[in-house]
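S.K.: Below is the sequence, then the predicted model.
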Amino acid sequence: MPGLDSEVYDLRGLKCPLPVLKTRKRMKSMQSGAVLAIETSDPLAVIDIPHFCNEDGHSLLESEKTESGHRFLIRKG
């Protein structure tokens, strides 16, 4: 993810609803406009993470399939 200053939050191995709950908690302490990359292995994350972003007012910048699951790039709203 060139050009974006983001940290990667590794949530692989966690099952629904933990990836969303941990992402929400992590983003509460971040500045508005900050970017967080998360990695998940939970197949439901492709539904849950976009829904979480929409509900909480964050921007889902990128969603891509990885070898071990999915990577999402989220900008805090």
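M.R.: Everything's here; your move.

S.K.: Could you identify the helix or strand that succeeds the worst-scoring helix or strand of the chain on mean pLDDT?
M.R.: Among the helical and strand segments of the chain, the one scoring lowest on mean pLDDT, DSSP states H and E is strand 6-11, with a mean of 84. Next helix or strand after strand 6-11 toward the C-terminus (DSSP states H and E): helix 18-28.

S.K.: So what are the sheet partners of the very next helix or strand once past that following helix and their directions?
M.R.: Downstream of helix 18-28, the first helix or strand assigned by DSSP H and E is strand 35-40. In the sheet containing strand 35-40, its partner strands are strand 6-11 (parallel), strand 69-75 (antiparallel), by DSSP bridges.

S.K.: so where's the protein shaky on pLDDT?
M.R.: Scanning the chain for pLDDT under 70 picks out the ranges 1-7.

S.K.: which one is the residue most central in space within it nearest to, not counting chain neighbours?
M.R.: Centre of the chain computed as the mean C-alpha position; nearest residue by CA atoms, centre = their mean is Ile38, 4.2 Å away. The spatially closest residue to Ile38, leaving aside those adjacent along the chain, is Tyr9, at 4.6 Å (CB to CB, 6 or more residues apart in numbering). No exception for glycine: its C-beta is placed from N, CA and C like everyone else's.

S.K.: Quick one: residues contacting the one you found.
M.R.: Contacts of Tyr9 were listed using CB atoms under 8 Å, 6 or more residues apart in numbering, and they are 22-23, 26, 36-39.
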